[in-house]
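Novice: fold the following.
(2 chains)
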There are 2 protein chains.
Amino acid sequence: MPTKIRYANTGEPLDVLYLENYDMPEPEKDEALVQMIAAAVNPVDINIVQGKYPLKVDSPGYEGMGKVIKVGSEVKNLKVGDHVIPIVYAGTWRTHITLPEESLFRIPKSIDVPEGATLQVNPVTMYTMLKEFVNLGPEDTVIQNGANSACGVIAIQMCKAWGIKTVNVVRDRPLIDDLKTFLKSLGATYVFTEEEIKKTDIFKTGELNNPVLGLNCIGGSSATSIMRHLSEEGVLVTYGGMSLEPVTASTTALVFKNIRLEGFNMSRWNNKEENFAKLPKILNEIVDMVLEEKLKAPPHALVDFLNYKEALRNTLSPGGMIGKKFILDFRNLSSKI
Amino acid sequence: MPTKIRYANTGEPLDVLYLENYDMPEPEKDEALVQMIAAAVNPVDINIVQGKYPLKVDSPGYEGMGKVIKVGSEVKNLKVGDHVIPIVYAGTWRTHITLPEESLFRIPKSIDVPEGATLQVNPVTMYTMLKEFVNLGPEDTVIQNGANSACGVIAIQMCKAWGIKTVNVVRDRPLIDDLKTFLKSLGATYVFTEEEIKKTDIFKTGELNNPVLGLNCIGGSSATSIMRHLSEEGVLVTYGGMSLEPVTASTTALVFKNIRLEGFNMSRWNNKEENFAKLPKILNEIVDMVLEEKLKAPPHALVDFLNYKEALRNTLSPGGMIGKKFILDFRNLSSKI
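Specialist: Okay, the predicted model is just below:
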């Protein structure tokens, strides 16, 4: 029987989320019925359930991939068996969803589950941040903190694919050298710890041009040290604030270096019609990068849908927020529900 | 004999500035010789002499007005007797200047000395800040701190002329009611003290739309309280930092309200060819506003050029930086030099 994860009141996910059965939905004329294959557990999902995010939904799940198992009489471009991802908020932590066909984006069947289930939120966010604020060319450098986050490793790979250099900042930790090696294997030009980035002279020596774009998901002093390296008229785009500290800009940086501070939030961006219209083109480019093996899913673990609490627990831990992404896997489920 | 104010080394203006005579300059073919009538003493001039501003010059004076007294053989659009203002940095604290005619902008002779001598730096700055960052319409509100500064009173008048509402923040002080009355007489929609702006409910009640543009010349908590009132996707433009405290933006403001932080510096803006090309059109509009009595000079005092130390002393005092503008007056000088 169709099963979903839902909540009656916002709160801590492990407390408020529960499983519920529902009737098999029937697609309207212009809709497709999708059986979910896999759905990512993103920090944004946690924040929505906690009520910390200004988006109210009935059931969680921002993204995922599924298979079309039934189509309405007027559906033109989708057929049974197609693999699709929803491009609107759909509540993907459920086995079966009906959606209008224009809210579904078909992906090639050769896209693997980890990539397909995580194709939208992080890749579209990073693609957009890298494209919308600055016109990046091959001489340009991008600097980012939280470089080992799911978003960070995507930025590294996209910049590598586009021939843009990246300076990547991570917190010091045990096995830091392994992390550096991993990020470099993805294409990172430089990887520094928060301490190292303060002291580096790679920009002074001219080894690298000062970054024209900074991506900040931390805030506080981490954002400040990124900002300090930005070129004149550089842009710092904030998309998260893991340190819970604000971003601080000196008057000198603003007035004499003309540093610009922007924020980015994908839901807000998608809500604008002209942006939403770009989404298929962006997703096609992302799919191509995946097919060309230029973009891999971030470090992840697949967890049976019914074990969703394990995925939540791990996503809620500090390590989870910036480390491994958990993906709910619906494939072993048919027999159990 | 031609006389100028100059300095050999940067330092405190009262210590390092001195008068020096020089030979009467002879205009080249494409140049005009200008006898200065009046020149403003702006905070930027002080900062240049102090070496705090990233612009190195031989002698100070960012703006002023003068009269053409001789033209080179190839000068086409200027004639002896024309009133002009330099539109490049010219070192205006001197009696005689030669400049290429394209670096001079002719103003009507009916423009009074206080307006003519202060036409460029503050009005062009405020015009540009009000026009370049946000497309303001009649339903829009602009919020600014330091509203009684020379720049602030220009923003009030320009917005009034364009039908845009302004919310103006000033520090509490003796005779605050007189200041409020004065700013309202210029067209200010609302005037609040720093304390009052934190508590006002004019935006909550819908009496005014949340400002789409904030102009900040203070920084610190004053900037924060302006930012708090901005509409979604509002822009805070910083053009000064009188509190010497940085501007701080919460991640929420950046990511969920999409507040943008920009900086503005007129020299940097003018240095871009495409911007410099707009200058004559902007100055024409400003001149029209002056002629229509929609734009008056900020509160000011004329001081004889030879008494420049009095002007400096007053500009250097905290009151001077945000209050009265001092203007060096060259008109009584011909007999003395």
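Novice: neighbours of the residue in the stretch 101-250 of chain A that chain B sits nearest to, just the number please.
Specialist: Nearest to chain B, among the residues of the stretch 101-250 of chain A, is A:Gly241, at 2.9 Å (C-beta to the nearest C-beta). Just so you know, the C-beta spots here come from the backbone N, C-alpha and C atoms, and that holds for glycine as well. Applying other C-beta atoms under 10 Å in any protein chain shown, we find 21 residues neighbouring A:Gly241.
Novice: chain neighbours aside, what residue packs nearest to it?
Specialist: Spatially, and ignoring its direct neighbours in sequence, A:Gly241 is nearest to B:Thr251 (2.9 Å; C-beta to C-beta, 6 or more residues apart in numbering or on different chains).
Novice: show me the domain layout of chain A.
Specialist: Chain A breaks down by automatic domain parsing into domains covering A:3-118+A:298-333, A:122-267.
Novice: in CSV: the ones you listed, plus distance to B:Pro108.
Specialist: Below are those laid out as CSV (distance: least, C-beta to C-beta, whole Å):
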stretch, distance to B:Pro108
domain A:3-118+A:298-333, 53
domain A:122-267, 32
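Novice: contact residues of chain A facing chain B?
Specialist: Residues of chain A found near chain B (C-beta under 8 Å from any C-beta of the partner chain) are A:54, A:219, A:238-241, A:244, A:246-265, A:268.
Novice: biggest strand in chain A by residues?
Specialist: strand A:31-41 (DSSP state E).
Novice: helices and strands around it, which ones?
Specialist: Other helices and strands packing on strand A:31-41, by 3 or more C-beta pairs under 8 Å, 6 or more residues apart in numbering or on different chains; DSSP states H and E, are strand A:65-71, strand A:83-86, strand A:96-100, helix A:113-117, helix A:308-316, strand A:325-329.
Novice: quick one, which of the ones you listed is nearest to A:Glu273?
Specialist: The closest of the helices and strands packed on strand A:31-41 to A:Glu273 is strand A:96-100. By C-beta to C-beta, the value is 15.9 Å.
Novice: who does the helix or strand just after that closest one pair up with?
Specialist: Going down the chain from strand A:96-100, the next helix or strand is strand A:104-107, by DSSP states H and E. Strand pairing for strand A:104-107, determined by DSSP bridges: strand A:83-86 (antiparallel).
Novice: just the buried residues of the partner strand, please?
Specialist: Residues of strand A:83-86 classed as buried: A:His83, A:Val84, A:Ile85, A:Pro86 (neighbour count, 16 or more other C-beta atoms under 10 Å in any protein chain shown).
Novice: repeat that for stretch A:265-275.
Specialist: A:Asn265, A:Met266, A:Ser267, A:Arg268, A:Trp269, A:Asn270.
Novice: over to stretch A:126-134?
Specialist: Buried, per 16+ other C-beta under 10 Å, within stretch A:126-134: A:Met126, A:Tyr127, A:Thr128, A:Met129, A:Leu130, A:Phe133, A:Val134.
Novice: same check, this time on stretch A:3-12
Specialist: Within stretch A:3-12, the residues scored as buried using 16+ other C-beta under 10 Å are A:Thr3, A:Lys4, A:Ile5, A:Arg6, A:Tyr7.
Novice: residues touching the residue most central in space within chain A, list them.
Specialist: By C-alpha atoms, centre = their mean, the mean C-alpha position of chain A lies nearest to A:Asn122, the distance being 1.6 Å. For A:Asn122, the contact set (C-beta atoms under 8 Å, 6 or more residues apart in numbering or on different chains) comprises A:Asn42, A:Ala150, A:Cys151, A:Ile154, A:Pro298.
Novice: now for chain A, the helix or strand with the poorest mean pLDDT.
Specialist: Least confident helix or strand of chain A, by mean pLDDT, DSSP states H and E, is helix A:318-322 with a mean of 50.
Novice: please enumerate the helices of the stretch 201-337 of chain A.
Specialist: Using DSSP state H, counting those that start in this stretch, the helices found in the stretch 201-337 of chain A span residues A:220-229, A:251-255, A:266-270, A:273-276, A:279-291, A:308-316, A:318-322.
Novice: most tightly packed of those?
Specialist: helix A:251-255 (a mean of 23; mean count of other C-beta atoms under 10 Å in any protein chain shown).
Novice: how far does that helix sit from its chain's centre?
Specialist: In terms of C-alpha atoms, centre = their mean, to the nearest Å, the centre of helix A:251-255 is set 31 Å apart from its chain centre.
Novice: helices or strands up against it?
Specialist: Contacts defined by 3+ C-beta pairs under 8 Å, 6+ apart place helix A:251-255 against strand B:235-238, strand B:260-263.
Novice: so who does A:Tyr7 touch?
Specialist: By C-beta under 8 Å, 6+ apart, the neighbours of A:Tyr7 are A:Pro13, A:Val16, A:Leu17, A:Tyr18, A:Val49, A:Ser59, A:Pro60.
Novice: could I get those residues as TSV with pLDDT, distance to B:Ile37 and neighbour count?
Specialist: Below are those laid out as TSV (pLDDT from 0 to 100; distance: C-beta to C-beta, whole Å; neighbours: other C-beta atoms under 10 Å in any protein chain shown):
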residue	pLDDT	distance to B:Ile37	neighbour count
A:Pro13	94	72	24
A:Val16	95	74	15
A:Leu17	96	76	19
A:Tyr18	96	81	11
A:Val49	94	70	26
A:Ser59	90	74	18
A:Pro60	95	71	26
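Novice: which one of those residues is nearest to chain B?
Specialist: Comparing the contacts of A:Tyr7 against chain B with C-beta to the nearest C-beta places A:Val49 closest, at 17.0 Å.
Novice: quick one: contacts of the helix or strand hosting A:Val142?
Specialist: Using DSSP H and E, A:Val142 sits within strand A:141-144. If you take C-beta under 8 Å, 6+ apart as the criterion, strand A:141-144 is touched by A:130, A:136, A:152, A:155, A:159, A:164-169, A:189, A:208-217, A:226, A:229-230.
Novice: got a PyMOL select line for the buried ones in those residues?
Specialist: This is the PyMOL syntax for the buried subset of the contacts of strand A:141-144, where burial follows 16+ other C-beta under 10 Å:
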select buried, chain A and resi 130+136+152+155+159+164+165+166+167+168+169+189+208+210+211+212+213+214+215+216+217+226+229+230
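Novice: hmm, back to that, pick out the shakiest of the domains of chain A, pLDDT-wise.
Specialist: By mean pLDDT, the lowest-scoring of these turns out to be domain A:3-118+A:298-333, with a mean of 92.
Novice: burial count for the closest residue to A:Ala161 other than its chain neighbours?
Specialist: Spatial nearest neighbour of A:Ala161, chain neighbours left out: A:Lys294 (4.3 Å); criterion: C-beta to C-beta, 6+ apart. Using other C-beta under 10 Å, A:Lys294 is surrounded by 16 other residues.
Novice: for the residue in the stretch 1-150 of chain A positioned nearest to chain B, which non-adjacent residue is closest in space?
Specialist: Going by C-beta to the nearest C-beta, chain B is nearest to A:Pro54 of the stretch 1-150 of chain A, at 5.8 Å. Of all residues not flanking A:Pro54 in the chain, B:Phe256 sits nearest, at 5.8 Å (C-beta to C-beta, 6+ apart).
Novice: please apply the same query to A:Gln50.
Specialist: A:Thr10 (6.1 Å).
Novice: my guess is the one you found contacts A:Asn47, does it?
Specialist: No - using C-beta atoms under 8 Å, A:Thr10 is not in contact with A:Asn47; the gap is 9.9 Å.
Novice: for the residue nearest to A:Met266 when sequence neighbours are not counted, what are its contacts?
Specialist: Leaving out its chain neighbours, the residue that sits closest to A:Met266 by C-beta to C-beta, 6+ apart is A:Thr125, at 4.7 Å. By C-beta under 8 Å, 6+ apart, the contact set of A:Thr125 is A:Cys151, A:Tyr239, A:Phe264, A:Met266.
Novice: tell me which residues of whichever helix or strand A:Asp177 is part of come out buried.
Specialist: Using DSSP H and E, A:Asp177 falls within helix A:176-186. In terms of neighbour count (16+ other C-beta under 10 Å), helix A:176-186 has its buried residues at A:Leu179, A:Lys180, A:Leu183, A:Leu186.
Novice: related to what we said a few turns ago, wait, the residue of the stretch 101-250 of chain A closest to chain B sits on A:Asn265?
Specialist: No - the criterion here is C-beta under 8 Å, and A:Gly241 misses it with A:Asn265 at 11.6 Å.
Novice: lovely, talk soon.
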